[in-house]
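Undergrad: okay, here's the prediction I keep looking at, along with the sequence it came from:
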Amino acid sequence: MEEVKEEPKEKLTFFAKLKKGLTKTREGIAGKVDAVLKSYKKIDEELFEEIEEILITSDVGVNTTMEIIERLKNLSKERKITESESLKGLLKEILIELLDKGQENEINIEPSPAIVLVVGVNGVGKTTSIGKIAHRFKSEGKKVLLAAGDTFRAAAIDQLEIWGNRVGVDVIKHQEGADTAAVIYDAIASAKARNIDVLICDTAGRLHNKKNLMNELGKVSKIVEREFGNATQEILLVLDATTGQNAIQQAKTFKEVTDITGVVLTKLDGTAKGGVVLGISAELGIPVKLIGVGEGMDDLQKFVPKDFVDALFGEED
């Protein structure tokens with residue numbers, strides 16, 4: 001009986017999960033945009049102001065919103081659009097363009113070996129994301145190893161071990177309070193000895209002291225460069241979508257201290273603030289690579305700009 005119950009769950013497509021996960025954001029952005037467009041007969045300044053307000057209150061950010069509205073005005077003039085409801089198609093087009101960073105939306109782990117450093121403040125879902133990324137690569141047939149480099153919290157080390165056991169990958173760890181760079185050093189040695197395809201390293205989870213953060217990540221970078229210079233490298237920043245504009249502030253700080261190559265945005269299913277995806281892409285120029293749309297092991301999905309915008313506006317797959 002249980003197997004029959006599980007069957008429909010398995011059949012839920014990535015797009016369907018994405019659409020379900022974006023329900024709150026869709027109500028906050030697309031639902032309101034639809035209502036506004038229906039209430040206007042013609043396109044005028046007031047209509048643009050209403051759309052602007054919707055975007056700002058959905059945590060898209062002021063600068064990004066202004067850019068979107070400017071493009072919307074210009075494009076509607078260019079294409080001689082007079083029907084207000086036709087603006088929806090233009091808005092979608094602009095959002096896809098804003099989010100699309102080409103192939104950069106992929107986590108780059110080729111050629112092997114690859115090292116993925118994961119940064120982010122405590123509480124954003126960093127360790128959980130690492131576990132889910134490890135699961136994804138392992139199910140693709142890769143040999144994966146984890147490094148518990150967030151040594152400030154004993155809980156972070158324990159949590160990573162729990163995920164390692166769930167996924168079936170080993171975790172290299174030291175005791176609480178150990179030097180992060182030393183953990184990464186040992187993990188690299190182990191990855192080389194075992195011919196690991198992907199080494200995923202948990203790192204600093206504190207932001208209160210930028211100088212300490214910079215020193216810690218600087219030491220890790222030197223170790224990686226010296227010991228694993230031939231490896232393909234990614235530095236992923238994990239952000240919590242429910243924090244809205246605060247997530248963008250965190251990203252700015254991390255960007256100052258390390259060379260972020262991509263963003264993992266968690267808890268998108270629990271918030272109406274999914275507009276923050278647009279702000280991250282536009283203001284920071286960092287591609288969003290993975291988004292969390294649920295609690296399950298497979299619910300950390302590859303970010304596909306067109307799918308995201310289609311799901312946001314309630315389109316069908």
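TA: Thanks, I have the structure now. Please read these numbers as outputs of a predicted model, since none were measured by experiment. Numbering: from 1, shown residues only.
Undergrad: can you show me the helices along the stretch 1-150 of the chain?
TA: Assigned by DSSP state H, counting those that start in this stretch, the helices in the stretch 1-150 of the chain fall at 2-11, 14-21, 23-28, 30-39, 45-57, 62-78, 87-99, 126-139.
Undergrad: make CSV out of those and add mean neighbour count and distance to Ala114.
TA: Where you see a C-beta, it was placed from the backbone N, CA and C, and this is true even at glycine. Shown next, in CSV, are those (neighbours: other Cβ atoms under 10 Å; distance: least, Cβ to Cβ, whole Å):
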stretch, mean neighbour count, distance to Ala114
helix 2-11, 8, 29
helix 14-21, 18, 23
helix 23-28, 19, 32
helix 30-39, 16, 37
helix 45-57, 16, 36
helix 62-78, 16, 31
helix 87-99, 18, 24
helix 126-139, 22, 9
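Undergrad: is it possible to get TSV of those helices that adds mean pLDDT?
TA: Listed next are the helices of the stretch 1-150 of the chain as TSV, based on pLDDT from 0 to 100:
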stretch	mean pLDDT
helix 2-11	42
helix 14-21	83
helix 23-28	84
helix 30-39	89
helix 45-57	92
helix 62-78	93
helix 87-99	91
helix 126-139	94
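Undergrad: quick one, grab the pLDDT at the residue nearest the centre of the chain.
TA: For the chain, Val264 is the residue whose C-alpha lies nearest the centre (Cα atoms, centre = their mean; 2.3 Å). Note on Val264: pLDDT of 94.
Undergrad: and the helix or strand containing it, how far out from the chain middle?
TA: Per DSSP states H and E: Val264 is located in strand 262-266. Offset of strand 262-266 from its chain centre (Cα atoms, centre = their mean, to the nearest Å): 2 Å.
Undergrad: look up how far Phe228 lies from Lys222.
TA: 11 Å (Cβ to Cβ, to the nearest Å).
Undergrad: of those two, who's got more company?
TA: For Lys222 versus Phe228, neighbours defined as other Cβ atoms under 10 Å are more numerous around Phe228 (21 against 11).
Undergrad: report the separation between the more buried one and Tyr185.
TA: In this view, Phe228 and Tyr185 are 10 Å apart by Cβ to Cβ.
Undergrad: and Gly120, by the same measure?
TA: 22 Å.
Undergrad: surely Ile51 touches Asp34?
TA: No - using Cβ atoms under 8 Å as the test, Ile51 is too far from Asp34 to be in contact (11.0 Å).
Undergrad: picking that back up, how about the contacts made by the residue nearest to the centre of the chain?
TA: Contacts here follow Cβ atoms under 8 Å, 6 or more residues apart in numbering; on that basis Val264 touches 118, 120, 129, 133, 236-239, 288-292, 300.
Undergrad: for it, name its beta-bridge partners.
TA: Val238, Leu290 (DSSP bridges).
Undergrad: rewinding a little: now render the contacts of Val264 as JSON lines, adding distance to Ala311.
TA: Formatted as JSON lines, the contacts of Val264 follow (distance: Cβ to Cβ, whole Å):
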{"residue": "Val118", "distance to Ala311": "25"}
{"residue": "Gly120", "distance to Ala311": "24"}
{"residue": "Ser129", "distance to Ala311": "20"}
{"residue": "Ile133", "distance to Ala311": "21"}
{"residue": "Leu236", "distance to Ala311": "22"}
{"residue": "Leu237", "distance to Ala311": "23"}
{"residue": "Val238", "distance to Ala311": "21"}
{"residue": "Leu239", "distance to Ala311": "19"}
{"residue": "Val288", "distance to Ala311": "14"}
{"residue": "Lys289", "distance to Ala311": "17"}
{"residue": "Leu290", "distance to Ala311": "15"}
{"residue": "Ile291", "distance to Ala311": "10"}
{"residue": "Gly292", "distance to Ala311": "14"}
{"residue": "Leu300", "distance to Ala311": "16"}
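Undergrad: if you count contacts, what does the longest helix along the chain end up packed against?
TA: For the chain, the longest helix by residue count, based on DSSP state H, is helix 210-228. Counting contacts by 3 or more Cβ pairs under 8 Å, 6 or more residues apart in numbering; DSSP states H and E, helix 210-228 is packed against strand 114-119, helix 180-193, helix 245-257.
Undergrad: which one, of these, ends up nearest to Leu217?
TA: Closest to Leu217 of these, according to Cβ to Cβ: helix 245-257, at 5.8 Å.
Undergrad: quick one: the closest one to chain centroid distance?
TA: Using Cα atoms, centre = their mean, the offset of helix 245-257 from its chain centre is 13 Å.
Undergrad: got a list of contacts for it?
TA: Under the contact criterion Cβ under 8 Å, 6+ apart, helix 245-257 has outside partners 59, 61, 119-121, 207, 210, 213-214, 217, 237, 239-241, 243, 260, 263, 265, 276, 279-280, 283-284, 286.
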